[in-house]
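>>> Show me the folded form of this:
(2 chains, ligands or ions: 3)
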Amino acid sequence: MSAKVQVQTTINNEPVEFLCEPRQSLLECLRDIVGLTGAKEGCGDGNCGSCTVRLGDRIVTSCLVLGVEAAGQSITTVEGLAHGNTLHPLQKAFLENAALQCGICTPGFLIAADALLQKHPQPTEEQTRFWLANNLCRCTGYDKIIRAVQAAAHEINANSGAAQ
Amino acid sequence: MKAFDYAAPASLPEAVGLLASQPAARLLAGGTDLLVQLRSGRKQADVVIDVKKIPELNEITLAPDHSLTIGAAVPCYRLTDHPAIRTHYPALAEVASWIGGTPIQGRASLGGNLCNSAPSADSIPLLIALSASAHLIGPAGRRSVPVEAFCTAPGRNQLAPGELLVAIHIPAPAPHSGAAYLRFIPRNEMDIAVVGAGASLTLANGLIAAARLALSSVAPTPLFVPAAGESLIGQAPTPAALEAAAQLAQAAASPISDMRGSAAYRRHLCAVMARRALELALARAQESK
Ligand SMILES: Cc1cc2nc3c(=O)[nH]c(=O)nc-3n(C[C@H](O)[C@H](O)[C@H](O)COP(=O)(O)OP(=O)(O)OC[C@H]3O[C@@H](n4cnc5c(N)ncnc54)[C@H](O)[C@@H]3O)c2cc1C
Ligand code: FES
Ligand code: FES
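Numbering: from 1, shown residues only, chains lettered A, B, ... in the order given. Ligands and ions are numbered 1, 2, ... in the order given. Sure thing, here's the model as predicted:
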């Protein structure tokens, strides 16, 4: 076993330090060391997207990132989306539109959709489907997920309009 | 994954020195090939050397003449989001938006795509069509290899022990030129090309002055077909001329059968994809100043 490495990061706006082996993926570090089990392992090879987290200003499949690569970076996981007991508009829209069944894929979809709405506040269906093509769902058939993302976009835009 | 050490050199000399002292090292850019291969046991490493902290490998330089140098570790999204690349190299912005999905493009680099040297690598036929070269550095100094000569077998290339890719360089496009890469995949996104075709074409006085064509997924390496481009030189850009060039590409291919398609199907697709890539390159050449 090679020497463990101390990694300093910011996770969901809190400074977090963890000790990991260089071979451990960011996903393993989050789940098994830091104890944030929101991101899931579906495939372990970049195809399913259930491990998607935000790293810096991009989303990544955390199974294909080494934990040591996260040093000095900020990470957002699904645990960081809600404000206290108030769900993020995407989380509410997923519930209201029945956009999940077993829920394994949901953390990845939420993080990916959040990044989409920050880049394209009112995405078209096509933009949404392409952006989310790296997230697989074996339960819902996707339509409800797409509708939930569009509903959340409406809600966020309506609220930001009302605030002005 | 088996245990390894991790190093992230901050300069090229440091990286070259480390690589020379570590025979069982592997270079890490976006990791979207390497980490999959290390986890499956297909590759091993004692040390993983992360090249993303080396400034030169992260630079995109578009010169005033529009020649382009892309650092080996630049992730795909930076190409897709780059306004001047979208304007001057639309085909490059497109291919960068087709490698994996959004979270893969946040990490995956063209340098990694080239150095992984898969026969199906989507960026390589386009880089060949654009006359790109691979800028390498190693214990013996720097050298440059044309991309069409870089890959030697599936997963193998011209990198000598201790060498690494610094950047991919694309010479200034000629006036009235255009390029395209098209691939055939069963899904709209997130799949490996059954056949891909990259083409570039330059017009002068209404005739074709230069053309280059390369294919993916139809030979042990990405396949440059010089005869296809040469057949077009001096010709009017007619559908018949493009079709004849596409037939030459098809004749050069030696596809295999696998779960994505039979050899016969792939051979058929070679001509179709080559013709369509030439048509799109021509349309772009006609629009360009
Ligand atoms: C879900 C998924 C979808 C994908 N879809 C596509 C697709 O549609 N089309 C496609 O072509 N590919 C695809 N790929 C493969 C992969 O994403 C690409 O090949 C990508 O461009 C690799 O770049 P990287 O930066 O991640 O390389 P890495 O994995 O970091 O490296 C790849 C190889 O190059 C070596 N290397 C890296 N940098 C250097 C350097 N500077 N000098 C020398 N050697 C170096 C590494 O040691 C390794 O052997 C996909 C992969 C995944 C996981
Ligand atoms: S577990 Fe990371 S993409 Fe499937
Ligand atoms: S809800 Fe079960 S995989 Fe998506």
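>>> ok, how many other residues are close to the residue in the stretch 101-250 of chain B that ligand 2 sits nearest to?
Nearest residue of the stretch 101-250 of chain B to ligand 2: B:Pro103, at 7.7 Å (C-beta to the nearest ligand atom). Quick note: C-beta positions are derived from backbone N, CA and C, even for glycine. Residue neighbour count, defined by other C-beta atoms under 10 Å in any protein chain shown, stands at 31 for B:Pro103.
>>> Please see if the helix or strand containing it touches ligand 1.
Following DSSP states H and E, the helix or strand that holds B:Pro103 is helix B:102-105. Yes - Helix B:102-105 reaches ligand 1 (C-beta under 6 Å from any ligand atom) through B:Ile104.
>>> and the next helix or strand after that helix, how far from the chain's centre?
Using DSSP H and E, the next helix or strand after helix B:102-105 towards the C-terminus is helix B:110-116. On the basis of C-alpha atoms, centre = their mean, to the nearest Å, helix B:110-116 is displaced by 7 Å from the centre of the chain it belongs to.
>>> what sits up against the helix holding B:Pro103?
Contacts with helix B:102-105, where a contact means C-beta atoms under 8 Å, 6 or more residues apart in numbering or on different chains, come from A:46, A:49, A:52, A:58-61, A:64, A:112, A:115-116, A:131-134, B:30, B:32, B:75-77, B:80, B:96-97, B:99.
>>> Now a ChimeraX select for only the buried ones of those.
To isolate the buried ones among the contacts of helix B:102-105 in ChimeraX, judged by 16 or more other C-beta atoms under 10 Å in any protein chain shown, type:
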select /A:46,49,52,59,60,61,64,112,115,116,131,132,133,134 /B:30,32,75,76,77,80,96,97,99
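>>> Give me the subset of the contacts of helix B:102-105 lying in helices.
Judged by DSSP state H, helices contain the following of the contacts of helix B:102-105: A:112, A:115-116, A:131, B:76-77, B:80, B:96.
>>> Apart from its chain neighbours, what residue comes closest to the residue most central in space within chain A?
With distances taken as C-alpha atoms, centre = their mean, A:Ile111 lies nearest the centre of chain A, 2.6 Å away. Nearest residue to A:Ile111, sequence neighbours excluded (C-beta to C-beta, 6 or more residues apart in numbering or on different chains): A:Thr52, at 4.9 Å.
>>> for the chain, longest helix please?
Because you didn't say which chain, this covers chain A. helix A:143-163.
>>> sorry, should have said chain B
Scanning chain B for the helix with the most residues, using DSSP H, yields helix B:263-287.
>>> Report all helices and strands that that one contacts.
The contact analysis (3 or more C-beta pairs under 8 Å, 6 or more residues apart in numbering or on different chains; DSSP states H and E) places helix B:263-287 against helix B:90-96, strand B:177-184, strand B:195-204, strand B:207-216, helix B:239-252.
>>> The ones you listed: which one's closest to B:Arg42?
strand B:207-216 (20.5 Å; C-beta to C-beta).
>>> and that closest one, what does it pack onto?
Applying 3+ C-beta pairs under 8 Å, 6+ apart, one finds that strand B:207-216 makes contact with helix B:123-129, strand B:195-204, strand B:223-224, helix B:226-230, helix B:239-252, helix B:263-287.
>>> closest to B:Val16 out of those?
Going by C-beta to C-beta, the one of these nearest B:Val16 is helix B:123-129, 23.7 Å.
>>> Return the distance of the helix or strand just after that closest one from the chain's centre.
Beyond helix B:123-129 in the direction of the C-terminus, DSSP H and E gives the next helix or strand as strand B:133-138. Here strand B:133-138 is found 14 Å from its chain centre; the criterion is C-alpha atoms, centre = their mean.
>>> strands paired with strand B:133-138, and their directions?
The pairing partners recorded for strand B:133-138 under DSSP bridges are strand B:141-146 (antiparallel), strand B:164-170 (antiparallel).
>>> touching ligand 1 at all, the last one?
Yes - applying C-beta under 6 Å from any ligand atom, one finds that strand B:164-170 is in contact with ligand 1 at B:164-165.
>>> among the helices and strands packed on strand B:207-216, which is the most enclosed?
helix B:123-129 (a mean of 30; mean count of other C-beta atoms under 10 Å in any protein chain shown).
>>> Below-threshold pLDDT in the stretch 51-200 of chain B: ranges please.
In the predicted model, the stretch 51-200 of chain B carries no residue with pLDDT under 70.
>>> Count the neighbours of the closest residue to A:Val65 other than its chain neighbours for me.
Excluding the flanking residues, the one nearest A:Val65 by C-beta to C-beta, 6+ apart is A:Leu26, at 4.1 Å. By other C-beta under 10 Å, the residues close to A:Leu26 number 28.
>>> try B:Lys289
Neighbours around B:Lys289, by other C-beta under 10 Å: 4.
>>> OK, contacts around the closest residue in space to it that isn't next to it in sequence?
With sequence-adjacent residues excluded and distances taken as C-beta to C-beta, 6+ apart, B:Lys289 is closest to B:Pro175, at 6.7 Å. Contacts for B:Pro175 (C-beta under 8 Å, 6+ apart) come out as B:202, B:288-289.
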